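Participant: sequence-free structure coming up:
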């Protein structure tokens, strides 16, 4: 809501008649401002600073600017969903859903995770690079939001929190930095260029009440963006540090269980020798959903020095299916449409018996004078109608 008070001018006869001897409107007299004047003043309010005017052009565009930033911040989410690995996502969801359990379900989840990692070992580098790319995009979005809001507030947003400290307010002259950035009182001029006041110049004073909300909202937004940018930068640095062997060992290190027979450091070092950077990142994600004992069991299974050779032997090209799964070469192109249900085959047919049977019926022989052996279409398998 905005409150307006027109300042009468000497050339306005009505205003001059209403003026008191001191030059002000008499008590109880209110001048109503037209709605089209209010619309202009909401779009072009200004404040006087060092003899010049600074127009508050952002006043009516802040809500639309927030809607635009919301769409921009959805970009990392959209990219993350398109880069997502469905199998890894399902594995992490299963572990997260059963992380609170300590019964046999946790052992089954460890077995499932071990089978997945052993079978897909050294194939998760793409997952690491995709996650790193998404974090870099998120950092760029944070920097863009800072620059965009600084442009929106006419270069007063980036240093808004610093220059506003210690947040002492001046409610009389409004000379503090917060009041200068979001002035609660502004002026508006409607001149002959607006073609609304018969080529006169009218000055209005206006109370921009929403500025009292914006000054607190943007302060919280400034703190939040600073924190987001800092945390995102730290996480990107952390992802790059995962290339260091000592950092990999530290990330996979767990508390030694009571039943452990080997040293944890030696087990983790053997795991880092078998895994690439993508596998290390996946194990780091799994570590947050498993207890120390179960994660140690997973590390022991992945610390086998011949793990890679065993995996190659299990999935190598020379492995043939079992005898029950073998398919003849001439049947490999079989499709579901060509398949028929398992029905008992017809008994072998004696051609001589059929010839004698047909010979006893002259009418049938007249229709089919050929020998049954020569009528191949009638003697195909599953011609049960003809046989009967």
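Facilitator: Sure thing, it's come through. The structure displayed is predicted, hence computed values, not measured ones. Residues are numbered from 1 along each chain as shown.
Participant: which regions of this structure lie under the pLDDT threshold?
Facilitator: 1-33, 102-103, 194-197, 307-388 (pLDDT under 70).
Participant: next structured bit after the longest helix along it?
Facilitator: In the chain, taking DSSP state H as the definition, the longest helix is helix 211-241. Remark: after helix 211-241, the chain's next helix or strand is helix 245-252, criterion DSSP states H and E.
Participant: Run through who's touching that next one.
Facilitator: 241-242, 265, 268-269, 271-272, 280, 283-284, 287, 299 (Cβ atoms under 8 Å, 6 or more residues apart in numbering). For glycine as for every other residue, the C-beta is placed from the backbone atoms N, C-alpha and C.
Participant: tilt between it and helix 211-241?
Facilitator: Angle, helix 245-252 to helix 211-241, by axes from the mean of the first three to the mean of the last three Cα atoms, to 10 degrees: 110 degrees.
Participant: Who are the packing partners of the helix or strand that helix 245-252 is followed by?
Facilitator: Toward the C-terminus, helix 245-252 is succeeded by helix 264-274 as the next helix or strand (DSSP H and E). Under the contact definition 3 or more Cβ pairs under 8 Å, 6 or more residues apart in numbering; DSSP states H and E, helix 264-274 sits against helix 245-252, helix 292-302.
Participant: deepest of those, which one?
Facilitator: helix 292-302 (a mean of 20; mean count of other Cβ atoms under 10 Å).
Participant: Give me the helices and strands touching it, please.
Facilitator: So helix 292-302, by 3+ Cβ pairs under 8 Å, 6+ apart, packs with helix 104-119, helix 264-274, helix 277-287.
Participant: now do 6 Å
Facilitator: If contacts are counted by 3 or more Cβ pairs under 6 Å, 6 or more residues apart in numbering; DSSP states H and E, helix 292-302 sits against helix 104-119, helix 264-274.
Participant: And for the longest one, what's in contact with it?
Facilitator: Taking Cβ atoms under 6 Å, 6 or more residues apart in numbering as the criterion, the residues outside helix 104-119 that touch it are 91, 95, 98, 294, 297-298, 301.
Participant: buried ones in that helix?
Facilitator: Neighbour counts over helix 104-119 (16 or more other Cβ atoms under 10 Å) mark 106, 109-110, 113-114, 116-118 as buried.
Participant: just the residues you listed now: which is nearest residue 82?
Facilitator: residue 116 (22.2 Å; Cβ to Cβ).
Participant: Tell me where the stretch 51-200 of the chain has strands.
Facilitator: 52-55, 185-190 (DSSP state E, counting those that start in this stretch).
Participant: Show me what the last one is packed up against.
Facilitator: The elements that strand 185-190 packs onto, with contact taken as 3+ Cβ pairs under 6 Å, 6+ apart, are strand 202-208.
Participant: Next, the buried residues of the strand it packs on.
Facilitator: Applying 16+ other Cβ under 10 Å to strand 202-208 flags 202, 204-206, 208 as buried.
Participant: Quick check: which helices or strands does that strand pack against?
Facilitator: By 3+ Cβ pairs under 6 Å, 6+ apart, strand 202-208 packs against strand 2-6, strand 185-190.
Participant: For the contacts of helix 245-252, work out which two are farthest apart.
Facilitator: Across the contacts of helix 245-252 (Cβ to Cβ), the longest gap, 20.5 Å, separates 241 and 299.
Participant: any chance of the helices and strands packed on helix 264-274 in JSON lines, plus distance to residue 160?
Facilitator: Shown next, in JSON lines, are the helices and strands packed on helix 264-274 (distance: least, Cβ to Cβ, whole Å):
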{"stretch": "helix 245-252", "distance to residue 160": "37"}
{"stretch": "helix 292-302", "distance to residue 160": "45"}
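Participant: Ok, which of these comes nearest residue 66?
Facilitator: Across these, closest to residue 66 is helix 245-252 (Cβ to Cβ), at 38.1 Å.
Participant: and the angle from that closest one to helix 292-302?
Facilitator: Using the same axes, to 10 degrees: helix 245-252 against helix 292-302 is 130 degrees.
Participant: Could you dump the strands of the stretch 51-200 of the chain into CSV and include distance to residue 276 and mean neighbour count?
Facilitator: Listed next are the strands of the stretch 51-200 of the chain as CSV, based on distance: least, Cβ to Cβ, whole Å; neighbours: other Cβ atoms under 10 Å:
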stretch, distance to residue 276, mean neighbour count
strand 52-55, 57, 12
strand 185-190, 61, 19
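Participant: burial measure for the closest residue to residue 58 other than its chain neighbours, as a count.
Facilitator: The spatially closest residue to residue 58, leaving aside those adjacent along the chain, is residue 152, at 5.0 Å (Cβ to Cβ, 6 or more residues apart in numbering). Neighbour count for residue 152, taken as other Cβ atoms under 10 Å: 19.
Participant: Would you mind measuring from residue 152 to residue 64?
Facilitator: In this structure, residue 152 and residue 64 are 10 Å apart, going by Cβ to Cβ, to the nearest Å.
Participant: Same question for residue 169.
Facilitator: 28 Å.
Participant: Out of the two, name the residue with the larger neighbour count.
Facilitator: Higher neighbour count among residue 169 and residue 64: residue 169, with 12 against 9, using other Cβ under 10 Å.
Participant: Tell me how many other residues crowd the nearest residue to the more buried one once chain neighbours are set aside.
Facilitator: In space, and not counting its chain neighbours, residue 169 is closest to residue 176: 5.5 Å by Cβ to Cβ, 6+ apart. By other Cβ under 10 Å, the residues close to residue 176 number 15.
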